[in-house]
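Peer 1: What follows is a protein structure lacking sequence information:
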C-alpha cells in the first residue's frame, strides 16, 4: 500500500485533556460532553464527537467535489452538516450514530443524488465506518 498522506495528532489527558497536530494547525482542549446538545456545554475546546462530525463532513464534502470535478462540474454552494450522537446500545456500551444533511443547490435533485451516492461509496471515512455505525445520509 502506498501512503499518499499522513497526519499526526497527539492527545494528552483524555476527555479532559489537550490535542495537538504535528503541524500545529490543531491545538485545543478536549472535554467530555455534559449535556445532550452542544448548547449545554459551556467549556472551551471540543468534544471527540465534534471532531468526528467535522472529519466526516469535510471528507464527504471533499469527495463530492472530487466526483463533481471528474464529471466536469464546478460546485460552489455545497454544504454537509453532520450531527453525531453518542447512543447507548447496551448498558454501559456507547456507540456513535451519525445524521448527515447534504446540500447541492446548484445541481438538480437526481444528479445531486447520483453524486452523493458515488461520494458515499468513495469517501475514505464512509468506507472506514461502513457496517460499523448507523449513518443516515440525506440530500436536502
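Peer 2: It's in. All figures in this text were calculated on a predicted structure; none of them were measured in a lab. Residues are numbered from 1 along each chain as shown.

Peer 1: and residue 123, how many neighbours?
Peer 2: 21 (other C-beta atoms under 10 Å). All C-beta spots, glycine's among them, are computed from the backbone N, C-alpha and C.

Peer 1: Pull up the gap between it and residue 10, please.
Peer 2: According to C-beta to C-beta, to the nearest Å, residue 123 stands 26 Å off from residue 10.

Peer 1: With residue 71 instead?
Peer 2: 39 Å.

Peer 1: quick one, strands of the protein?
Peer 2: 9-12, 18-21, 27-29, 79-90, 93-103, 134-139 (DSSP state E).

Peer 1: Same list, these, but as TSV with distance to residue 56, mean pLDDT and mean neighbour count please.
Peer 2: TSV is the format used below for the strands of the chain (distance: least, C-beta to C-beta, whole Å; pLDDT from 0 to 100; neighbours: other C-beta atoms under 10 Å):
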stretch	distance to residue 56	mean pLDDT	mean neighbour count
strand 9-12	16	96	11
strand 18-21	17	96	15
strand 27-29	18	94	12
strand 79-90	5	92	14
strand 93-103	6	94	16
strand 134-139	8	96	14
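
Peer 1: Could you export those to CSV, including columns for distance to residue 115?
Peer 2: Shown next, in CSV, are the strands of the chain (distance: least, C-beta to C-beta, whole Å):
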stretch, distance to residue 115
strand 9-12, 30
strand 18-21, 30
strand 27-29, 33
strand 79-90, 12
strand 93-103, 9
strand 134-139, 9
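
Peer 1: Out of those, which is closest to residue 119?
Peer 2: Proximity to residue 119 (C-beta to C-beta) singles out strand 93-103 among the strands of the chain, at 8.4 Å.

Peer 1: Show me what that closest one packs onto, helices and strands only.
Peer 2: Counting contacts by 3 or more C-beta pairs under 8 Å, 6 or more residues apart in numbering; DSSP states H and E, strand 93-103 is packed against helix 48-70, strand 79-90, strand 134-139.
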